[in-house]
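**Student:** need the 3D shape of this:
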Amino acid sequence: MVEILTTIFATNVDLMTAKDWLGTLTTVISFVLMCMAYFWVFHPANKAKLEAHRHHLLKHDIDEPL
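**Tutor:** As a prediction, this is how the structure comes out:
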């Protein structure tokens, strides 16, 4: 079973082009940023800061008229 998975997910790094590396780097960076955002949003210490912006879009026009 392990041999099958290693053949499926095998990557030849020497044959990767610049676009392949750019795509890999973009995917890894976006994954890390999404994990950071997830833990920032669901951390209990940030609840008060985030709850203060809960109705910001609904009340934004009232605070700043055209």
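**Student:** alpha carbons only for contacts and neighbour counts from here, please
**Tutor:** Fine.
**Student:** what about the helices in the chain?
**Tutor:** Under the criterion DSSP state H, the chain contains helices at 2-8, 18-41, 47-51, 56-63.
**Student:** any chance of these in JSON lines, plus mean pLDDT and mean neighbour count?
**Tutor:** JSON lines is the format used below for the helices of the chain (pLDDT from 0 to 100; neighbours: other CA atoms under 10 Å):
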{"stretch": "helix 2-8", "mean pLDDT": "88", "mean neighbour count": "9"}
{"stretch": "helix 18-41", "mean pLDDT": "95", "mean neighbour count": "12"}
{"stretch": "helix 47-51", "mean pLDDT": "83", "mean neighbour count": "11"}
{"stretch": "helix 56-63", "mean pLDDT": "70", "mean neighbour count": "10"}
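**Student:** residue nearest the centroid of the protein?
**Tutor:** Met34 (2.0 Å; CA atoms, centre = their mean).
**Student:** gap between that residue and Asn12?
**Tutor:** Going from Met34 to Asn12 by CA to CA, to the nearest Å gives 27 Å.
**Student:** ok, the spatially closest residue to Asn46 that is not a sequence neighbour to Lys49 distance?
**Tutor:** The shortest distance from Asn46 to any non-neighbouring residue, by CA to CA, 6 or more residues apart in numbering, is to Trp40 (7.1 Å). Distance of Trp40 to Lys49, given as CA to CA: 11 Å.
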